[in-house]
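Asker: just coords:
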Ligand SMILES: CCCCCC(=O)SCCNC(=O)CCNC(=O)[C@H](O)C(C)(C)COP(=O)(O)OP(=O)(O)OC[C@H]1O[C@@H](n2cnc3c(N)ncnc32)[C@H](O)[C@@H]1OP(=O)(O)O
Ligand SMILES: Cc1cc2nc3c(=O)[nH]c(=O)nc-3n(C[C@H](O)[C@H](O)[C@H](O)COP(=O)(O)OP(=O)(O)OC[C@H]3O[C@@H](n4cnc5c(N)ncnc54)[C@H](O)[C@@H]3O)c2cc1C
C-alpha cells in the first residue's frame, strides 16, 4: 500500500511523509509519543507533512510567525497564524494529501517566547478528509516541476492541541507551563540536518540518472563526419562530448561516495548525541549544509549539461532530462537554500580557523586547515598522482579560508561590527566554503577508490574516474591554484593533458560505468536512456501518444486557424 501511494501522481504527494514527517517523529518525539504516532506513520495509517516554511519565512527559522501558546488551564497549546505571511507555504503534501502535520511554531508559555519548536497537529478528519475546525488548507499552484506533488498552504485559527502534542524529546513544557531547556537549542533543527544529508544521495542518484541517459544516448546517436567519407560516428567519440559527460559521471560517483560518508557520520554523531555528547553536532551541521549545497548545485548544472549534450531530443520530455533538472533545481532551494547553507559552513570554517590560530589542533573534516603550510612549495608536481591532487585541493581551500577569515578580521580592525564585516566578506566566505567542500569530496573519493573492496580491474577504472574528477576541478578553477604559486602554469598544462588522457581512458568503460548504477528503465523514464538502446522506434511511439495527436485535425483549427486563414484569403 505504502509503495503504491508513493508512486501515486496527480495531486497526491506522499514523499514528504517519508523523508520529513516520519523522520521528525523518529528524531524529535519521546518514546511515549513514538508509541502513539510512529507506527501509524510507518504503516501510513496517517499521512503527514513537515510544515515549517511560511509565506514570509523559509530560511530564517527564528523568524517564523506561527505561534503555539500554552494554556495551563486546559493543558493545551493554541496554534495560530497571526498574519498572512505566517501562512505555512510550500510543505509537500500539505495541500490535499496530509491529514497530520508537524508544525514548527514559536513556543510561548507564561508570556515568554522560547523559539521554534515542533508540534503534531491533525489537519484533516480521518473520516471524510475535510479540514479540521480552524484549519484552512490548499495547494499553492503550479510549480517549475513536480506538479504531481501538492505543495500546500495552511492557516491555523486558534487551533487547540493537547500539551502532549509538542514533540518533547529535547525540550519540554510541564503541565504548569514550566519550560524545560533542551541540551542544545539547535536540536529542534536535527531533522533538517538529517534531511540535508539525504539530499547528497538524492543529488548523486539524479546525476547518475542523467549521465546514464546521456552516455547511453551518445552511443546510439550518430552524427556528422569525423573524417570525410567515413560513416557518421557515435557522438561519444567527440572529445567535446566526453568533456561534457565524463566529469558529470565522475561527480555522480564522487557524490555517491560522499553520501556514504555523510550517512556514516550522521549515524555515529547522533549516536553520541543520544548519550548526551553534543560535541559533533557543529561539524555535522557544517558538513551536511556544505555537502547539500555543493552537490545539489553541481548536480543541477550537470543535468542541464547532459540535456544539452543530447541535442533536441534532450529538450523533449521523452528524454526524462527536463524533469530530472526540475527536480534537482528544487533541491538547491529546499531544505535550506544553497547560499545560506554554504554560509553556515563558512561560519564553522572561520570559527575553526580562529581556533587553529590560537593553537588548537583541528580534527575531522577540517583537520587539514591546521596542517597546510601557508607558504607554497612550488615545483614540478606529478599531476597524475592522486595524493598530489588531494593536497592541491586542500591547499587551495586552506588558503581561501585563511584569506576570507583574515579579510574579515581586517574589516573588524577598521572598526566594522562583526555582522557588517561578515556581510562584506560573504562572497569570499562562500567561495572558501565551496573550496572546502570540494576538497572534502576529492579526498573522500580518493580514499574510497583506494580502500573499497573491489576487483583490481574495477579499482583501476574508479581511480581513473577520480583522477578525471580532480583534474577537471583543477582546470576549471585554475586561478585558485595558481594564485599563491602552489601550482605553476606548467602544472596546469600537465593537468589539462592528463585530463585529455583520462577522457580517452574512461571512454571504453563509460557504458559499463553507467550500467553499474543499475537504474531500471521504469526509474529512468527516458526513451533516450533505454537499456535496449531502441531509441528511435520508442521515440516515435512516445510522440504518437501525445494528446495533440488524438485527432488528425485539432479542434483549434476550426476555432482559430480556419477563420483566420479564411479572413486573410478574403483580403487577397
Ligand atoms: C524534497 C524537498 C523537501 C524539502 C523540505 C524542506 O524544505 S523543510 C524546510 C527546510 N528549511 C530549512 O532548511 C531552513 C534553513 N534555515 C535554517 O536551518 C536556520 O534558519 C539557519 C541554520 C540558516 C540559521 O539558524 P539560526 O539563525 O538559528 O542560527 P545562526 O545562523 O544564528 O547560528 C547560530 C549557531 O547555531 C548553529 N546552528 C545553526 N543551525 C544548526 C543546526 N541545524 N545544527 C547545529 N547547529 C546549528 C550555527 O552553526 C551557529 O553556531 P556558532 O554560534 O557556534 O557559530
Ligand atoms: C520543491 C520544494 C519543496 C519544499 N518542501 C517543503 C516542505 O516540505 N516543508 C517546508 O517546511 N518547506 C518546504 N519548502 C520550502 C523551502 O524549505 C524554502 O523555500 C527554503 O528554505 C528557502 O526559504 P525561502 O523560500 O523563504 O527563500 P529565502 O530565504 O527568502 O531566500 C531568498 C533569497 O534570499 C537569500 N538569503 C536569505 N537569507 C540569507 C542570508 N542570511 N544571507 C544571504 N542570503 C540570504 C537566499 O540565498 C535566496 O537567494 C520547499 C521548497 C521547494 C522549492
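Answerer: Arrived safely, thanks for sending. Computed from a predicted model, the values in this text were never measured in an experiment. Ligands and ions are numbered 1, 2, ... in the order given.
Asker: For the chain, what lies in contact range of ligand 2?
Answerer: Within the chain, the positions adjacent to ligand 2 are 16, 20, 50-53, 57-59, 90-92, 151, 330, 333-337, 339-340, 343 by CB under 6 Å from any ligand atom. Any C-beta I mention is one placed from the backbone N, CA and C, and that applies to glycine too.
Asker: Tell me which of the residues you listed fall in strands.
Answerer: If you go by DSSP state E, those have 50, 51 in strands.
Asker: Could you pick out the buried ones from the residues of the chain next to ligand 2?
Answerer: Buried by 16 or more other CB atoms under 10 Å: 16, 20, 50-53, 57-58, 90-92, 151, 330, 334-336, 343, out of the residues of the chain next to ligand 2.
Asker: which of those residues come close to ligand 1?
Answerer: 16, 20, 50, 52, 53, 58, 334, 335, 336.
Asker: Just to be sure, residue 514 is in a helix?
Answerer: Yes - judged by DSSP: H, G, I helix; E, B strand; the rest coil, residue 514 forms part of a helix.
Asker: give me the beta-bridge partners of residue 222?
Answerer: Per DSSP bridges, the residues bridged to residue 222 are residue 234.
Asker: Relative to residue 290, how far out is it?
Answerer: 42 Å (CB to CB, to the nearest Å).
Asker: Which of the two has more residues huddled nearby?
Answerer: A count of neighbours by other CB atoms under 10 Å puts residue 290 above the other of residue 222 and residue 290, at 28 against 12.
Asker: Can you classify that one as helix, strand or coil?
Answerer: helix.
Asker: Contact partners for it?
Answerer: Residues counted as contacts of residue 290 (CB atoms under 8 Å, 6 or more residues apart in numbering) are 341, 342, 344, 345, 433, 436, 437, 440.
Asker: so where do the strands sit in the stretch 101-250 of the chain?
Answerer: 112-122, 135-139, 152-156, 159-162, 172-173, 179-180 (DSSP state E, counting those that start in this stretch).
Asker: And those: which comes nearest residue 267?
Answerer: strand 112-122 (21.8 Å; CB to CB).
Asker: what comes up buried for that closest one?
Answerer: 114, 116, 117, 118, 119, 120, 121, 122.
Asker: Need those residues in a markdown table (columns: distance to residue 526 and pLDDT).
Answerer: A markdown table is the format used below for those (distance: CB to CB, whole Å; pLDDT from 0 to 100):
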| residue | distance to residue 526 | pLDDT |
| --- | --- | --- |
| 114 | 49 | 96 |
| 116 | 41 | 96 |
| 117 | 43 | 97 |
| 118 | 38 | 97 |
| 119 | 42 | 98 |
| 120 | 40 | 98 |
| 121 | 40 | 98 |
| 122 | 40 | 98 |
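Asker: so which pair among these is furthest apart in space?
Answerer: Maximum distance among the buried residues of strand 112-122 (CB to CB): 23.4 Å, for 114 and 122.
Asker: is the helix ranked longest in the chain anywhere near ligand 1?
Answerer: For the chain, the helix that runs over the most residues, judged by DSSP state H, is helix 239-274. No - on the criterion CB under 6 Å from any ligand atom, helix 239-274 is out of touch with ligand 1, staying 10.4 Å away.
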